[in-house]
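Peer 1: structure of the sequence below:
(chains A and B)
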2 protein chains.
Amino acid sequence: MNEAPGRREPADATTVKPPMRDALVGAAFQLFLERGYEETTVDDIVALAGVGRRSFFRYFPSKEDVVFPDHERCLADMTAFLGEDAGTQDPVRRVCDAARLVLRMYAENPTFSVQRYRLTKKVPGLRAYELSVVWRYERALAEYLRGVSAGVRADTLRADVVAAAVVAAHNNALRSWLRSDGTGDAEVAVDKALGYVQRTFGATPAEPVREEAEGAVEADDAVRAEDVVVVVSRRGTPMWRVVREIESAFARD
Amino acid sequence: MNEAPGRREPADATTVKPPMRDALVGAAFQLFLERGYEETTVDDIVALAGVGRRSFFRYFPSKEDVVFPDHERCLADMTAFLGEDAGTQDPVRRVCDAARLVLRMYAENPTFSVQRYRLTKKVPGLRAYELSVVWRYERALAEYLRGVSAGVRADTLRADVVAAAVVAAHNNALRSWLRSDGTGDAEVAVDKALGYVQRTFGATPAEPVREEAEGAVEADDAVRAEDVVVVVSRRGTPMWRVVREIESAFARD
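Peer 2: Down below sits the predicted model:
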């Protein structure tokens, strides 16, 4: 395969020119940090990157898009990943794994992600842009869940709620990592957050349930999922039957 | 104030003139429906309402805001409602009740709500505006939940997930009602959707848990919450203690 024109082609043998798209993102962020987002024009960006305006708009529909250069690709990756599903996996697990694709995009480049986080917090227009991206991720997850549940009305509700829960858990961990300036292991934090959603909604529910009444068996977050047995019973079920259920639950695995 | 030209306002004493704010909303929607949102300017709106530009901007910071005239009030109502909480109620129930304030705002005026829904779907800028409003509701709920859990790290995760679940459930029912042109009982639909969230996360958990293994006690969605007893137990808890828990659960209420 031939080299793509304009991609990684050194002018001399020692320097590597970044692809034009990366150069535009780099120039844009340099200016955003130096002057501020609002004060930077697309003309400023292309001047610094040494390319024409048309090149900018070939890659980015607007100035806002250069702030989030990888979301479109990530959305496409997520949709493809969900589309590959052969239906053999727990759907809740599948959407959690899909959300991890977003996390990985952020974790690939902590410095850039933290800079962008700070910028986004300061510029309402970028905040709105980010909300619309988050909404598209959430819809992609919800559409997948609606699809696997074959459109039963009650299941569209569950699909929307689970998708929102996955996004909220993911973003809780992601933002906490961004606020800590990208220190610590983002993947571990997100795994933990998504684990909570999986335990709550997944095919193998083991989320500790809090009982209010005194004397109830307490289950705190430190209890490992495998250590907890959940028994659901209709009121009025004979006690012997409940006991048998619990015994068989203990006996399983 | 002068009569608005072009509006069905007779000069006699028997009619009540709508407040200026309502007149601006009415004029704006009349024009949005006739000409389209993008094609209508603030100047067009104030001309039809018979007021000056300054009057418009006294009530609405921008043209977008006139599309959603009640969200600021509703957000304030929600914050006040959550702030009133004496801590005696299940917090999940409280945030569900807070979400019902939003539903009530929509249900108060079905025709207007349906018109706006259609308009918002067509105009990306309004969609973005709506997402930011939804985000502010979600944050209000999450902040309340974080507050009642005193900022424990694991509980900020739970707060964010529950808030997102409440908003998703509310919007699932609300959108379904809007898509049906405001027919049917929106409150019943939202109650049902929020009931699912309450059963999943509330202090009185009664969400039917699906057991995969054969022979497990089945609990389907048709079982009323009060008819189901959930017992959570650490593996290894002596059976007599589990039985005592179940018996006391049956005895409660």
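
Peer 1: alongside chain B, which residues does the stretch 51-200 of chain A contribute?
Peer 2: Along the stretch 51-200 of chain A, the residues adjacent to chain B under the rule Cβ under 8 Å from any Cβ of the partner chain are A:127-129, A:131-132, A:135, A:154, A:156-158, A:160-161, A:163-165, A:167-169, A:171-173, A:193, A:196-197, A:200. The way it works is simple: take the backbone N, C-alpha and C, and place the C-beta from them, glycine included.

Peer 1: for the stretch 1-150 of chain A, which residues score under the pLDDT cut-off?
Peer 2: A:1-18, A:86-88, A:150 (pLDDT under 70).

Peer 1: returning to that earlier point: need the buried ones from the residues of the stretch 51-200 of chain A next to chain B selected in ChimeraX.
Peer 2: Restricted to buried positions by 16 or more other Cβ atoms under 10 Å in any protein chain shown, the ChimeraX selection for those reads:
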select /A:128,129,131,135,156,157,158,160,161,163,164,165,167,168,169,171,172,173,193,196,197,200
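
Peer 1: what about the residues of the stretch 51-200 of chain A next to chain B, which are in helices?
Peer 2: A:127-129, A:131-132, A:135, A:154, A:156-158, A:160-161, A:163-165, A:167-169, A:171-173, A:193, A:196-197, A:200 (DSSP state H).

Peer 1: contact partners for A:A193?
Peer 2: A:A193 makes contacts with A:169-170, A:172-173, B:157, as judged by Cβ atoms under 8 Å, 6 or more residues apart in numbering or on different chains.

Peer 1: and the strands in chain A?
Peer 2: Per DSSP state E, chain A carries strands over the ranges A:228-234.

Peer 1: show me it divided up by domain.
Peer 2: Here the domain parsing of chain A from automatic domain parsing is A:1-63, A:68-201, A:212-253.

Peer 1: looking at those domains, which is buried most?
Peer 2: domain A:68-201 (a mean of 18; mean count of other Cβ atoms under 10 Å in any protein chain shown).

Peer 1: can you put the contacts of A:A193 in TSV and add distance to A:A189 and pLDDT?
Peer 2: As requested, the contacts of A:A193 are exported to TSV (distance: Cβ to Cβ, whole Å; pLDDT from 0 to 100):
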residue	distance to A:A189	pLDDT
A:A169	10	97
A:H170	10	97
A:N172	9	96
A:A173	4	96
B:L157	10	95
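
Peer 1: determine which two of these are furthest apart.
Peer 2: A:H170 and B:L157 (10.5 Å; Cβ to Cβ).

Peer 1: before we move on, the earlier item: so for B:Y37, which of the domains of chain A sits nearest?
Peer 2: Nearest of the domains of chain A to B:Y37, taken as Cβ to Cβ: domain A:68-201 at 17.1 Å.

Peer 1: ends of the closest one, how far apart?
Peer 2: With Cα to Cα, to the nearest Å as the measure, the first residue of domain A:68-201 is 31 Å from its last.

Peer 1: how about the helices in the stretch 1-150 of chain A?
Peer 2: For the stretch 1-150 of chain A, the helices defined by DSSP state H, counting those that start in this stretch occupy A:20-35, A:42-49, A:53-59, A:63-67, A:71-83, A:91-108, A:110-122, A:124-148.

Peer 1: ok, residues contacting the second one?
Peer 2: By Cβ under 8 Å, 6+ apart, the surrounding residues in contact with helix A:42-49 are A:20, A:23-24, A:26-28, A:30-31, A:35, A:52-53, A:55-57, A:63, A:66.

Peer 1: ok, 10 Å please
Peer 2: Contacting residues not belonging to helix A:42-49 are listed as A:18, A:20-32, A:34-35, A:40-41, A:51-57, A:60, A:62-63, A:66 [Cβ atoms under 10 Å, 6 or more residues apart in numbering or on different chains].

Peer 1: ditto for the third one
Peer 2: Contacts made with helix A:53-59 from outside it, assessed by Cβ under 10 Å, 6+ apart, are listed as A:6, A:19-25, A:27-28, A:42-43, A:45-47, A:49, A:51-52, A:62-63, A:65-66, A:69.

Peer 1: gap between A:L48 and A:T41?
Peer 2: As judged by Cβ to Cβ, to the nearest Å, A:L48 and A:T41 stand 11 Å apart.

Peer 1: anything in contact with each of the two?
Peer 2: When contacts are counted by Cβ under 10 Å, 6+ apart, A:L48 and A:T41 are jointly contacted by A:L31.

Peer 1: give the contact list for A:P61.
Peer 2: By Cβ under 10 Å, 6+ apart, the contact set of A:P61 is A:E72.

Peer 1: switch to 7 Å and redo it
Peer 2: For A:P61, the contact set (Cβ atoms under 7 Å, 6 or more residues apart in numbering or on different chains) is empty.

Peer 1: what of A:L131?
Peer 2: Contacts of A:L131 (Cβ under 7 Å, 6+ apart): B:131-132, B:135.

Peer 1: A:D70 and A:E108, how far apart?
Peer 2: 9 Å.

Peer 1: do the same with A:R139
Peer 2: In this view, A:R139 and A:E108 are 24 Å apart by Cβ to Cβ.

Peer 1: cool, A:V95 as well?
Peer 2: Distance of A:V95 to A:E108, computed by Cβ to Cβ: 21 Å.

Peer 1: likewise A:L33?
Peer 2: Using Cβ to Cβ, A:L33 is found at 20 Å from A:E108.

Peer 1: and if you look at A:R146?
Peer 2: Distance, A:R146 to A:E108, using Cβ to Cβ: 30 Å.

Peer 1: next one: A:L194
Peer 2: 18 Å.

Peer 1: hmm, back to that, can you redo the contacts of A:A193 as CSV with distance to A:D181?
Peer 2: Formatted as CSV, the contacts of A:A193 follow (distance: Cβ to Cβ, whole Å):
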residue, distance to A:D181
A:A169, 21
A:H170, 19
A:N172, 17
A:A173, 15
B:L157, 20
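
Peer 1: point out where the stretch 151-253 of chain A drops to low pLDDT.
Peer 2: Where the stretch 151-253 of chain A drops to pLDDT under 70, the residues are A:151-154, A:204-253.

Peer 1: ok, 80 please
Peer 2: Within the stretch 151-253 of chain A, the ranges that satisfy pLDDT under 80 run A:151-154, A:203-253.
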